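Peer 1: Just the structure for this:
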Amino acid sequence: MRSTDGDLPQRVCTAAEMKFYFGSFLDSNGRRNYVRPNKNCNLTSWIDGCEAGWACSAGNEQKIDLQDAVHFPSRTLDCQGCCAGFFCPHGLTCMIRTLRTTLPMQSITHHLLIIYLQIQYNVRAACPLGAYCPESTLNKSTGICDPYNYQPPPGKPNHTCGGADRWADVVSTDDVFCPAGFYCPSTIKKLSCSSGFYCRKGSTSQTKCFNKGSCKPNSANQDITIFGALLVGALSLVLLIIYNFSGQLLSNREKRQAKSREAAARHARETVVARERWKSAKDVAKKHAVGLQSSLSRTFSRKKTLRTHEPSSNSKAPVEPEQSSSKDSDDGNKKTNNLTDMMRSLEENPEKGEGFNVEVAGEKKKTKGRHAHTQSQIFKYAYGQIEKEKAMEQQNKNLTFSGVISMATEEDIKTRPRIEIAFKDLTLTLKGSKKKLLRSVTGKLMPGRVAAVMGPSGAGKTTFLSAIAGKATGCDTTGMILINGKMEPIRAYKKIIGFVPQDDIVHGNLTVQENLWFNARCRLSTDMSKADKVLVVERVIESLGLQAVRDSLVGTVEQRGISGGQRKRVNVGLEMVMEPSVLILDEPTSGLDSASSLLLLRALRREALEGVNISMVVHQPSYTLYKMFDDLILLAKGGLTVYHGPVKKVEEYFAGLGIVVPERVNPPDYYIDILEGIVKPNTSAAVNAKDLPLRWMLHNGYEVPRDMLQTASDAESSFRGGGGDHDTHGGDSGGQSIAGEVWGNVRDIVGQKKDEYDYNKSSENLSNRRTPGILRQYKYYLGRCGKQRLREARIQGVDYLILGLAGICLGTLAKVSDESFGALGYTYTVIAVSLLCKIGALRSFSLEKIHYWRERASGMSSLAYFLSKDTIDHFNTIIKPIVYLSMFYFFNNPRSSIWENYVILVALVYCVTGIGYTFAIFFQPSSAQLWSALLPVVLTLIATQQKDTFFANLCYTKWALEGFVIANAQRYSGVWLITRCGSLMKNGYDINDRILCIVVLAVNGVLFRCVAFFCMVIFQKH
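Peer 2: Residues are numbered from 1 along each chain as shown. Here you go, the predicted model:
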């Protein structure tokens, strides 16, 4: 005020002049050093105030309205150097003031002007905080006004150096920026940075270093790479521990369970031995009791005879011995009865695992094994029952394990619902191409019997069983299927129907017991106690001969596990543990040796004796296996029935047709060779193999299609073409057009998808079995996924290692630039994190599609499966950003805090994980990996090149990059405002949108998860 004689308000720029200045600056993108010609400074009028660092007064006669944004006032009086704390641009005659300069009323007015300009142009007036705007001095050696880069006008020796001349972005000029290594608490004061502190360019205060010894005086930045190196070492140590000891947690738990199980089995065997001893003692006691009784009887008879010859006076003498003998006899009988009762209680007590039921002081001590809670009690109960079943089975070979236990526990008899499946004229036709897969199949599948379905390749064996199970998709089904004599949908019984697929669909990273136990928990009734479920699982393991490998991993392609035959038995056991009423198996003996096949079939016969309706496709069974079947269903090519009846009568039937099996030839092999055309029947009746389906229909009085009654050539055409109806409808000229064939295939695929969806969404339940709900299944799935992730800890460790190395490389190579606020490093971060996290997310679903399809078809919850996978992956969503930032942040050292970067990175990982789910479910593994690699690169290019467009706003990379840049840019204030505003406007970012960016990323993650779940439910295997 003193230097301007009190007319400072007449020298301060109005809104119109500031608008003119910043407009000129923004129009030229900061590349122009001069403003446009104006009222005071032009080609005809150029006064001293127009020079850089100088300003003039408007005079006391002129009224200045600082808020006037329209009129440009005239300032030509009393020109002099710009005051300290102000800057006077070249080409303007007014001063732009700093926020820290104090004025009376005018300061409030100017503050409102600043707010106005901030709203209009997203910039603020200067000299701002972080700037150093002292009065300049002339450097006579260079002729430059230090510390600025302008020269006084030539030919005017009285024109001295003024104040600051220009405030622009840091790329154009950094004259007014407080230099690095110093801090400026005010715009006219500059202090050196002390030891143990660092001061970046434009600092208003010094910042304390993490390690004071690493910051020398006048340090521009702190070196925190040492912390990054320490974290690298710590991370490497943690990953090394995970890599080598990841399996110890589960293996220790398995060892404890094995010890408890072995103790229970040993206890059960000892109980059996004790029971046998008790039985031996019982037999001995019975013999002694019989001998004692006969001896007492003889003694009593002899004494009675002697008494008849004694005098009456001595008649009382023998009374005492007689009473004594009777008393002894009663005591002996009482003891014998107590022993007998003990034997009976020992044999008849099914509840207690030990098999004992002892009376002490008149009180019966009895443990309800099926209501046991501890692991030891449960195992004792299960193995006690199994050992008792074995012992009873040896006494009666016709009883099953479950049948014996039912007889032993009369108060708790268990029965399975019996299901009889009858079908008449069952025909399956593809919806689009109208090709017949099955034709006029009639018969019945009875509970308690094992039926073998045989025939040559292409006979429709698997299709027949799929139709019986209600799994035939993409087909029009005609005919009738009766369930227990009623027209009921077979899908309503899917909770008690077990379907064993041809492929061994078993989780390789789970043990045999874990696979079976999970299926038992999810598919058995909720009314069944845990002890009974354990008993079911243990019984299946025992019957399938899997005791030796129960704690072994099933194995995958990369990791060796159990043998192929054992894997096949586990595949069958997954359906046996749910105690089905109908069990359908597709080639369960393929790939098994004769011993394993025999063991499997014996286990299935035990199931059949409990009333289970069992049907299975068999290829080339041995004669021993063949004789173990109850019924045989023989199909010819085209889905036509050749024979359906008892195995005992099949040779008799074919012998009636003149087809006799030669000696030392397996009957089913001989019949299949005939149907395949390899062997021609040597018969005098001249029976053709193509006539066998017709002969079977006529033999049973079934209705025969018209075309099968035509000539032999027509029959052959019908046989090979899948049905004469297909030929008649196929086309007039012997074939369909290419377009028609393609359209038919499309209709087949669409129909198949629709049928699969209808089957899986069907909610009708006639099985009277209430399985666990979604929440409980979610709990079971969560436990299973957790075990799988622990066993995959080495793979996870490799993922973390790669992510950490990426953080080191990108943090070192892409240092934070004050001009772009670290946009380059964050761009690489978005691409790298997106790629690595998507590849990791692919493993969650792409490798388990077929497992999910099988579990879903059996009635398990898709939502519980998906949510459990996503919940477990939340661990990676939290940990992976920590791993990356622990490397990137300490090597890159941005101004934003590590917490701000972490929040954005968590949202980014959550988003790309959902995208990875979608790719994993919708695409094949190879295609999914390709899309995961290309998508982040392409979307980043669109987001950075097509700025502020509709397509750019659809890219998640745009929001992630904007969030990172804004978080860093918010740390740049004061003198950095023009640089910040210019950079954000150039990229189309808004400084207030950081929360919006996080929300958009999170919403994208939710939306992509919904899309992934929709694809998982709708799209099945091709």
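
Peer 1: Do a quick rundown of the helices in the stretch 601-750 of the chain.
Peer 2: 623-628, 650-656, 667-676, 692-700, 712-721, 724-730, 738-761 (DSSP state H, counting those that start in this stretch).

Peer 1: where among those helices is the average confidence lowest?
Peer 2: Among these, helix 724-730 has the lowest mean pLDDT, at a mean of 38.

Peer 1: How far does the helix or strand hosting K255 sit from its chain's centre?
Peer 2: Using DSSP states H and E, the element containing K255 is helix 248-307. Computed by Cα atoms, centre = their mean, to the nearest Å, the separation of helix 248-307 from the middle of its chain amounts to 54 Å.

Peer 1: Same question for stretch 862-871.
Peer 2: 6 Å.

Peer 1: cool, stretch 431-450 as well?
Peer 2: Distance, centroid of stretch 431-450 to centroid of chain: 37 Å (Cα atoms, centre = their mean).

Peer 1: now do stretch 447-461
Peer 2: For stretch 447-461, the distance to the chain centre is 37 Å (Cα atoms, centre = their mean).

Peer 1: And for stretch 869-886?
Peer 2: Centre-to-centre, stretch 869-886 and its host chain are 14 Å apart (Cα atoms, centre = their mean).

Peer 1: Please apply the same query to stretch 198-216.
Peer 2: 46 Å.

Peer 1: now stretch 633-647
Peer 2: 43 Å.

Peer 1: how long is that stretch from one end to the other?
Peer 2: 9 Å (Cα to Cα, to the nearest Å).

Peer 1: Give the rounded mean pLDDT of that stretch.
Peer 2: Mean predicted lDDT for stretch 633-647 stands at 91.

Peer 1: Which positions in it come out as buried?
Peer 2: Residues of stretch 633-647 classed as buried: 633-645, 647 (neighbour count, 16 or more other Cβ atoms under 10 Å). Placement of C-beta: from N, CA and C, glycine included.

Peer 1: Go ahead and confirm Y183 touches G202.
Peer 2: No: counting by Cβ atoms under 8 Å, G202 is not a contact partner of Y183; they are 9.2 Å apart.

Peer 1: Please report the distance of the residue nearest the centre of the chain from R784.
Peer 2: Nearest residue to the geometric centre of the chain (Cα atoms, centre = their mean): K869, 2.5 Å. Using Cβ to Cβ, to the nearest Å, K869 is found at 10 Å from R784.

Peer 1: can you check N252 too?
Peer 2: From N252 to R784 the distance is 19 Å (Cβ to Cβ).

Peer 1: circling back to that earlier point, give the contact list for the residue nearest to the centre of the chain.
Peer 2: By Cβ atoms under 8 Å, 6 or more residues apart in numbering, K869 lies in contact with Y781, C785, S844, F845.

Peer 1: List the buried residues for the helix or strand that contains it?
Peer 2: In this structure, K869 sits in helix 862-892 according to DSSP H and E. In terms of neighbour count (16+ other Cβ under 10 Å), helix 862-892 has its buried residues at 862, 864-870, 872-873, 876-877, 880-892.

Peer 1: Can you name the element that comes right after it?
Peer 2: helix 898-922.

Peer 1: Packing partners of that following helix?
Peer 2: helix 823-845, helix 862-892, helix 925-945, helix 956-969, helix 994-1018 (3 or more Cβ pairs under 8 Å, 6 or more residues apart in numbering; DSSP states H and E).

Peer 1: how about it: buried residues?
Peer 2: 900-922.

Peer 1: hmm, back to that, and the pLDDT at the residue nearest to the centre of the chain?
Peer 2: In this prediction K869 is given a pLDDT of 94.
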